[in-house]
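K.L.:
fold the stuff below for me.
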Amino acid sequence: MQPTIQCLSDTQLELLLTSVKCAWHNALFTLIADTGLRVSEVTGLRVSDLWLEGQAVHTLDVRAEIAKNHKPRSIPLSFRCLEAVNKLQQYYWLRDADPLLQFAFCGRLWSAPISRRTIHRLCVSYGKTILKCHLHPHMLRHTFATRLMRKVNIRIVQQLLGHSSLSSTQIYTHPNSQDLNSAIQTLNAPATQ
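P.N.:
Just a heads-up that it's a prediction; the model follows:
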């Protein structure tokens, strides 16, 4: 049985995203890992959420109709996400379809969204082959939150994740040995007055 982990290290995330060669799968993983979207939000994304007026949007507006508790939020997109969206537009999205109606990640039919189960299967499959661990979609959300927690205020992470309660955000804190070492190293710095 393969080990279960809560979130990916930076090295594991890089390995996953550089190893997944299918642009569609890569975009799916990149979007979850760099925006912290819930799987239910990913399944509801339309092309128009990611592509407007001939270009990738720089800020993803998670619509109330797909957001948990109908709480909309805005998430700036990383350069890596922008590249992934450009590849989706170039290779996968139908050019003559209405972007308001076409799902960004469609299922077997262009008019139906990808299923949560399909996303889960993709994660498990790539996790086994690339990372040699059990990967599930929520781990990518955990990874997003944990990476941010090392760099920004918890309130910012709370807003990006769409949490109503700060206590919901705190479960995403997973300090690793590097975090602990960095904390101790701050004691070596001269005290400032």
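K.L.:
ok, and the closest non-adjacent residue to the most centrally placed residue in the chain?
P.N.:
Among the residues of the chain, the one closest to the centroid is residue 32, at 1.8 Å (C-alpha atoms, centre = their mean). Ranked by C-beta to C-beta, 6 or more residues apart in numbering and with sequence neighbours excluded, the top spatial neighbour of residue 32 is residue 140, at 4.1 Å. Heads up, the C-betas are built off the backbone N, CA and C, glycines and all.
K.L.:
check which helix or strand covers the one you found.
P.N.:
Here residue 140, judged by DSSP states H and E, is contained in helix 137-149.
K.L.:
give me the contact list for that helix.
P.N.:
The contact list for helix 137-149 (C-beta atoms under 8 Å, 6 or more residues apart in numbering) reads 5-8, 10, 13, 29, 32-39, 116, 119-120, 123, 156-157, 160-161, 169, 172-174.
K.L.:
now, of those, which are buried?
P.N.:
Buried residues within those, counting neighbours by 16 or more other C-beta atoms under 10 Å: 5, 7-8, 13, 29, 32-39, 119, 123, 157, 160-161, 169, 172, 174.
K.L.:
the residue nearest to residue 32 - how many residues pack around it?
P.N.:
Residues near residue 140, counting by other C-beta atoms under 10 Å, number 28.
K.L.:
please apply the same query to the one 4 residues further on.
P.N.:
Taking other C-beta under 10 Å as the criterion, the count of residues near residue 144 is 24.
K.L.:
report pLDDT for it.
P.N.:
What the model reports as pLDDT for residue 144 is 92.
K.L.:
again with residue 183
P.N.:
At residue 183, pLDDT is 70.
K.L.:
what about it, helix or strand, and which?
P.N.:
Using DSSP H and E, residue 183 maps to helix 177-185.
K.L.:
same check, this time on residue 32
P.N.:
Assigned by DSSP H and E, residue 32 falls in helix 23-35.
K.L.:
what sits up against that helix?
P.N.:
Contacts for helix 23-35 (C-beta under 8 Å, 6+ apart): 8, 13, 16-17, 20, 37, 39, 42, 60, 75, 77-78, 80-81, 84-85, 87-88, 91-92, 105, 114, 119, 122-123, 126, 137, 140-141, 143-144, 160.
K.L.:
coming back round to it: work out the gap between the following helix or strand past the helix holding residue 140 and the centre of the chain.
P.N.:
Next in sequence after helix 137-149, counting helices and strands by DSSP H and E, comes helix 154-161. Relative to its parent chain, helix 154-161 has a centroid offset of 14 Å by C-alpha atoms, centre = their mean, to the nearest Å.
K.L.:
for the next helix or strand after the helix holding residue 32, list the C-alpha coordinates in CSV.
P.N.:
Sequence order places helix 39-44 as the next helix or strand after helix 23-35, per DSSP H and E. Output of helix 39-44 as CSV, limited to C-alpha atoms (Å, rounded to 0.1, in the frame of the first residue of the first chain):
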residue,chain,number,x,y,z
VAL,A,39,-13.3,20.0,-7.2
SER,A,40,-17.0,21.0,-7.3
GLU,A,41,-15.9,24.5,-8.4
VAL,A,42,-13.6,23.1,-11.2
THR,A,43,-16.5,21.0,-12.6
GLY,A,44,-18.6,24.1,-12.9
